[in-house]
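# what follows is a predicted structure for the sequence shown.
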Amino acid sequence: MTIRTFLRASAAPVAFFAFLQPALASEAPAAAAAPVAGADAAPAQAGEDENASRGDVIIVTARRRAETAQAVPLAISVIKADSIEATGNFNVNKLQQIAPTLQVYTSNPRNTAVNIRGLGVPFGLTSDGFEQGVGIYVDDVYNSRVAAAVFDFLDVEQVEVLRGPQGTLYGKNTTAGAINITTNQPTFRPEARAEFSAGNYDLLQGKAAVSGGLSDRVAVRVAGAFTSRRGTIFNVKSGQWINSQDNIGVRAQVLFKATDDLSFTLSGDFNSQHPVCCGTVFVRTGATQRALARQYAALAAAQGYAPPSTNAFDRLTDLDAPLQAGNKIGGVSLKAKWNLGAGTLTSITAWRFWDWQPKNDRDFTGLSVVSASNNPSQQDQYSQELRYNYSGKRIDLVVGAFGFHQRIDTQGLEQQGANASKWNLTGALANDPTVLNGLTARNTQWLKSTSAALYGQVSYKLTDALTVQPGIRINYDRKSGFYQRRVFDGTGTEISCFNPTPPSGSRLAAQCGVYTPQLSAPSASDWNFSYDFNVNYKVARDVLAYATFAKSFKTIGINQNGLPLDSAGVPIAAAGTVKPESVRHYEIGLKTQFLDRRATFNLAAFRTDIDNYQVTVTNGQLGVLRGYLANADKVRSQGIEADFKIRPNDRVTAYANLAYTDAKYVKFVDAPCPPELSGGTTATGSQVPSAPGTPGGISPANCNISGQHLPGVSKWALSYGIEGNLPATLLGKRGQVYLGIDGSYRSRFSSNPSESLYTEIAGYALTNFRAGFRGDGFDIYGWVRNAFNRNYYELLQVAPSNVGLVAGQPGDPRTFGGTVKFSY
């Protein structure tokens, strides 16, 4: 495999906030010293964990300083590397099995949604024109492409899932939360670790890392990982197992301690995936309001077609278009940390890239209706963050500045196939395959996005028990885009659908009804001011209560996948931009430790109200397989979360996390209709829409789904685990034999932007087991995941053209294997 050369020259001017030092010097503790970059575990706060050895102490950097998780007045889930490895949740996508407030849904790496508490991004096909509501940070570097969620974790120390708006402490503003990934840093003491796993479905997975000092000032760390597994769905047409895993990644870091107070860390990483992915299986059909002869059963019968199985869990498909999910991501960053005596200045300069090379089958059948649907993209992003941290007796302070710029270029191709005319047209044209066969839409689009922000947060201890914590953010965003669709018939001749408009019933009218040429260049800019205020009180030594209010925003969006059409088939220019979201967030919480700090129990209750919620609306134009962005009037998410962990002794560890989430559209009166109310003649004037699923019926132009639940959100979600061990000797090696059980549960949820009987995913529970032997520097264990072979869906999708076909992606069946780990 040829690895793309990705190192580019990068220079980072390191500024300093010297003007703050005189004002804060009187607050500084007598022996304050900032942690040195690349140091091993950061020390716990004085007085917080004098009994730390009695239980697990988790150090986090959620507030941009090292402190125990129980001291942070914020709802946060912390997953250490050993838990990630033991449970097999080796990327963000799988992490939701142990973090129940996290929802990740993906039909392919580009079309991935990462949400927290049901909020973040619209459910369905993605658009480059909106911002992520959940930020993904790796070593303080913001990853704007959500495709990062499907790559394997690489030499990770821990993952923090922060719930609620994050804008006054983080460079990029996010409305739903953040995933803060910390990797292992270079060490001067030599160390090495290696891990290898093998399992059914031809699973092979390896990980390795080495670290050590080259001198008393320079240390390096190099890590690599790969995963290979055949797919779990067999394509009877191509003879391939699809939805496979094929991932390789490398990371290198160099730490240079220029002085005892100044250090630099240069990091570079590259990750590549080339799976045969991503395909679906037949799940079911449901009646729409299309004429009965134009629904799936009749259309398939007319062409002598039947799927290879109508039982999705036979895991058979016959997709005829090539499948590919070529996905590369990587970059370089330079972090400088300077201890200024009264505080620490951090500069983070980063460049990242993303290269997406897909091939999809978007008709979800073995017929050549849509013969190609490929939208490769290339992205470059540059970011610069300057942050000053100060910790004193009464005041903790973080102030920062952040700049970000990205460009994304996409070259889209959608093409109709030999079966398209009979599938999409009526009358004599339906019997002429040349009308649509080879009809091609070529899309050229780009997005430029620039943002800049100033942010800060102060924690002030009014008393030893009571602390107030205000924060502010000033943000500027500018976006400009370009979209052009050119349409060519099967002979390669470009067609025009306007001036003049083609006669109704003509060959050209049929072609323009599938693909319409379009040109748009939306642009917008916006300033936003946001703030939050937290009050926290130490009720007792190990009991912390807190309350938070945050006024946040998600910035403007622009439509990058084309615009909706009016009744005359003309693009609606006003739909080019999307209003920013306005977010009001309320939260109260309680964090407790007991049993000599061997147990923790945390509670959080929240409510988030969002005006102008950004959603994806399906374009009703035949053959257009993309949606466009719009605003729902109001959305609300509220709920309660409980996290419990106990380690009563050195032999037993257990945890349980429970989330209740009630996420609804409060007001959305012009939403896309579900499939059972789509496909018929559009209602006009006083016409009354037909009952759901009435063939040849009258369909509403749009639907009022106010009060419906947001898609992709389970009301109840649970994760749990317990591990016990006993001392043992094996082959002369002293160690522990252990048994672990972990599992998760999610209640039912909708897999369509508007609730539909056809796309509801039933609740499911997954159970995993592991057993092994570990000692000093080694760990050998076997594992079974989805041990009871539960059938469940990760995602259901409605096929285009309102024919009533529902396809889906089944979750992994039972998998099993073994893992060997060594460390030095």
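Nice, I can see it.

# from here on, just use CA atoms for contacts and neighbour counts.
Noted.

# tell me the helices and strands packed up against whichever strand or helix holds Gly326.
Per DSSP states H and E, Gly326 falls inside strand 324-339. Applying 3 or more C-alpha pairs under 8 Å, 6 or more residues apart in numbering; DSSP states H and E, one finds that strand 324-339 makes contact with strand 262-273, strand 344-359.

# of these, which is nearest Gly177?
Nearest to Gly177 among the helices and strands packed on strand 324-339 is strand 344-359 (20.8 Å), distances taken as C-alpha to C-alpha.

# check the average confidence over the helix or strand that that closest one is followed by, would you?
Downstream of strand 344-359, the next assigned helix or strand under DSSP H and E is strand 370-374. Averaging pLDDT along strand 370-374 yields 94.

# the helix or strand sitting right after strand 370-374 along the chain to strand 344-359, inter-axis angle?
Where DSSP H and E defines the elements, the next helix or strand beyond strand 370-374 is strand 377-391. On the basis of axes from the mean of the first three to the mean of the last three C-alpha atoms, to 10 degrees, strand 377-391 is oriented at 160 degrees to strand 344-359.

# kindly format the C-alpha coordinates of the helix or strand following strand 377-391 as CSV.
Per DSSP H and E, the first helix or strand lying C-terminal to strand 377-391 is strand 395-416. Coordinates of each C-alpha in strand 395-416 appear next as CSV, following Å, rounded to 0.1, in the frame of the first residue of the first chain:
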residue,chain,number,x,y,z
ILE,A,395,-9.2,31.7,40.7
ASP,A,396,-8.9,29.2,37.8
LEU,A,397,-8.8,30.9,34.5
VAL,A,398,-8.8,29.8,30.8
VAL,A,399,-8.8,32.4,28.0
GLY,A,400,-8.1,31.6,24.3
ALA,A,401,-8.3,32.5,20.7
PHE,A,402,-9.1,30.1,17.9
GLY,A,403,-8.9,30.3,14.1
PHE,A,404,-10.1,27.7,11.6
HIS,A,405,-10.3,27.4,7.8
GLN,A,406,-11.3,24.6,5.6
ARG,A,407,-12.0,23.9,1.9
ILE,A,408,-13.9,20.9,0.6
ASP,A,409,-14.1,19.9,-3.0
THR,A,410,-16.5,17.3,-4.3
GLN,A,411,-16.9,15.8,-7.7
GLY,A,412,-20.3,14.0,-7.9
LEU,A,413,-21.5,11.4,-10.3
GLU,A,414,-25.0,9.9,-10.4
GLN,A,415,-26.1,7.8,-13.3
GLN,A,416,-29.3,5.9,-14.3
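
# strands paired with strand 395-416, and their directions?
strand 370-374 (antiparallel), strand 377-391 (antiparallel), strand 440-461 (antiparallel) (DSSP bridges).

# what about Gln303, how many neighbours?
12 (other C-alpha atoms under 10 Å).

# export the strands paired with strand 395-416 to TSV and tack on mean neighbour count and distance to Val332?
Converted to TSV, those look like this (neighbours: other C-alpha atoms under 10 Å; distance: least, C-alpha to C-alpha, whole Å):
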stretch	mean neighbour count	distance to Val332
strand 370-374	24	29
strand 377-391	22	10
strand 440-461	21	19
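
# which pLDDT value goes with Gln21?
At Gln21, pLDDT is 38.

# thinking again about what came up before, direction included, what does the strand holding Gly326 pair up with?
Assessed with DSSP bridges, strand 324-339 is paired to strand 262-273 (antiparallel), strand 344-359 (antiparallel).

# out of the strands paired with strand 395-416, nearest to Thr227?
Evaluated over the strands paired with strand 395-416, closeness to Thr227 peaks at strand 377-391, with 23.9 Å, by C-alpha to C-alpha.

# quick one: mean pLDDT over that closest one.
96.

# got the CA coordinates for it in PDB?
Taking C-alpha atoms only, strand 377-391 is exported to PDB below (Å, rounded to 0.1, in the frame of the first residue of the first chain):
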ATOM      1  CA  SER A 377     -14.400  14.600  -1.700                       C
ATOM      2  CA  GLN A 378     -11.100  16.200  -0.700                       C
ATOM      3  CA  GLN A 379     -10.700  18.400   2.300                       C
ATOM      4  CA  ASP A 380      -8.000  20.500   3.900                       C
ATOM      5  CA  GLN A 381      -8.300  22.200   7.200                       C
ATOM      6  CA  TYR A 382      -6.000  24.600   9.100                       C
ATOM      7  CA  SER A 383      -6.400  25.600  12.700                       C
ATOM      8  CA  GLN A 384      -4.600  27.700  15.200                       C
ATOM      9  CA  GLU A 385      -5.400  27.900  18.900                       C
ATOM     10  CA  LEU A 386      -3.700  30.000  21.700                       C
ATOM     11  CA  ARG A 387      -4.800  29.300  25.200                       C
ATOM     12  CA  TYR A 388      -3.700  30.600  28.600                       C
ATOM     13  CA  ASN A 389      -4.400  28.600  31.700                       C
ATOM     14  CA  TYR A 390      -4.000  29.900  35.300                       C
ATOM     15  CA  SER A 391      -4.700  28.100  38.600                       C
END
